[in-house]
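Peer 1: Need the 3D shape of this:
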Amino acid sequence: MLSTIYKRKAPLFVFLIPAFLFLAVYLYYPFIQNIINTFLNIGGLGRAAEGVNEPWYENYARLFTDPNMRTALKNTALMIVCTVIFQVGIALILALLVDTIRVGQQVFRTIYFFPIVISATALGLMFNLIFLYKGGMVNQVLLALGKLPSEVKPNGKLIVEWLDWKDQAHYLFTMFMPVMWQYVGFYFVIIITGLNNIPQELYEAAALDGASGWKKTRYITLPMLRNVLCTCVVLAITGALKVFDLPWVMFGAGMPENKGWLTGTYMYDQTFNRMNVDYGSTIAVLIVVLGVVLSNIANRVFRQSDDV
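Peer 2: Residues are numbered from 1 along each chain as shown. Coordinates of the predicted model:
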């Protein structure tokens, strides 16, 4: 019966066409319309376009002159580097460590994956309390360790120079750290699944040849995980380009002093707060283009390393 279905291609289209129509209506059409919007003058959500921009490439030229856009691109580039190094890197280390144990793997999977199921809004509020200027957990710990300057007045009142974790010296750490923490478990699950798919016979043969644990990792595990790591890197890059919820909850509109923009938060602000729908659409197109280009570069890098 199954062989008959696969020989006759017509029934397959019965299942493929509805999915294609769904994507066409809810993905491809909105994206094409979004590209068209970049050339139009749209003064607000739900409003009709007031004609074509003069010149028609005005919004694209604005990308190169907008200082907030340059800040968003710089911060997003740094976010991409951090997600690849820390999210994927830490997830790889944790997966390699957990793979060496035979009891309790499922427990560690659950523990590391748990942050993913928590609402980003809830996480943002939680980290706001952790990094609170006065009375936050981090500042309280630093005070207990004697790392914050403090003075007891004659009246017995304690005066503390609290550390502002959202000032220009610390905002990047405060913004990036929750994002790094939340998604380590996501890549951990992907990598540990890839590790479980590596044939044990390879490790047994290596052990017979006297290979150490490091050599097994270097010459068996990492090469066999190349495709899995490539997938994780691509997901990390695209995720960093469009990250929005956690940074927005914690920093709002570009805090501090327009230094905390990311491409995702700046696109949202321009579209929904400032009602520059056409410029917001242009930023969205830029995010997609950067995602496609950087993903292809990552794929080429892993493909070249596979050929070496």
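
Peer 1: Would you mind identifying the next helix or strand past whichever strand or helix holds A205?
Peer 2: A205 is part of helix 200-208 when elements are defined by DSSP states H and E. Once the chain leaves helix 200-208, the next helix or strand it forms, by DSSP H and E, is helix 213-216.

Peer 1: and for that following helix, what are the contacting residues?
Peer 2: Contact partners of helix 213-216, identified using Cβ atoms under 8 Å, 6 or more residues apart in numbering, comprise 203, 206-207. Glycine gets a C-beta too; all of them are placed from N, C-alpha and C.

Peer 1: all strands for the protein, in order.
Peer 2: Counting by DSSP state E, the chain has strands at residues 150-152, 158-160.

Peer 1: Quick one, which of those strands gets closest to R109.
Peer 2: strand 158-160 (41.0 Å; Cβ to Cβ).

Peer 1: which other helices and strands contact that closest one?
Peer 2: Here strand 158-160 touches strand 150-152, going by 3 or more Cβ pairs under 8 Å, 6 or more residues apart in numbering; DSSP states H and E.

Peer 1: what does the average pLDDT come to for the strand it packs on?
Peer 2: Averaged over strand 150-152, pLDDT sits at 74.

Peer 1: Next, the buried residues of that strand.
Peer 2: Within strand 150-152, no residue counts as buried by 16 or more other Cβ atoms under 10 Å.

Peer 1: neighbouring strands for that strand, and are they parallel or not?
Peer 2: Using DSSP bridges, the strands paired with strand 150-152 are strand 158-160 (antiparallel).

Peer 1: what is the rounded mean pLDDT of the partner strand?
Peer 2: Per-residue scores along strand 158-160 average to 78.

Peer 1: who's in contact with that strand?
Peer 2: Contact partners of strand 158-160, identified using Cβ under 8 Å, 6+ apart, comprise 139, 143, 148-153.

Peer 1: centre of the chain versus that strand, how much separation?
Peer 2: Strand 158-160 has its C-alpha centroid displaced from the chain centroid by 39 Å (Cα atoms, centre = their mean, to the nearest Å).

Peer 1: What separation do you get for the closest residue to M224 other than its chain neighbours and I191?
Peer 2: Ranked by Cβ to Cβ, 6 or more residues apart in numbering and with sequence neighbours excluded, the top spatial neighbour of M224 is I198, at 4.8 Å. Per Cβ to Cβ, to the nearest Å, I198 is found 11 Å from I191.

Peer 1: Looking at the two, which one has more neighbours?
Peer 2: Set side by side, I198 and I191 show more neighbours around I191, with 24 against 16, by other Cβ atoms under 10 Å.

Peer 1: which regions of the stretch 201-308 of the chain sit below the pLDDT cut-off?
Peer 2: 304-308 (pLDDT under 70).

Peer 1: How about the helix holding A205, which residues are buried there?
Peer 2: For helix 200-208, using 16+ other Cβ under 10 Å, the buried residues are A206.

Peer 1: go on, stretch 87-107?
Peer 2: By neighbour count with 16+ other Cβ under 10 Å, stretch 87-107 contains the buried residues 87-92, 94-96, 98-99.

Peer 1: Looking at those residues, which is nearest L241?
Peer 2: Distances from L241 to these, taken as Cβ to Cβ, are shortest for Q87 (13.8 Å).

Peer 1: who's in contact with that closest one?
Peer 2: Going by Cβ under 8 Å, 6+ apart, the list of residues near Q87 reads 180, 183-184, 187, 236.

Peer 1: Which one of those is nearest to Y28?
Peer 2: Closest to Y28, out of all of these and judged by Cβ to Cβ, is A236, at 25.2 Å.

Peer 1: Excluding chain neighbours, what is closest to that closest one?
Peer 2: Of all residues not flanking A236 in the chain, T83 sits nearest, at 4.2 Å (Cβ to Cβ, 6+ apart).

Peer 1: so the one you found makes contact with M180?
Peer 2: Yes. Between T83 and M180 there is a contact under Cβ atoms under 8 Å: 7.0 Å.

Peer 1: Between these two, which has more neighbouring residues?
Peer 2: T83 (27 against 16).

Peer 1: Could you pull out the helices in the stretch 101-250 of the chain for me?
Peer 2: Under the criterion DSSP state H, counting those that start in this stretch, the stretch 101-250 of the chain contains helices at 105-117, 120-130, 137-144, 171-196, 200-208, 213-216, 222-224, 226-242, 245-251.
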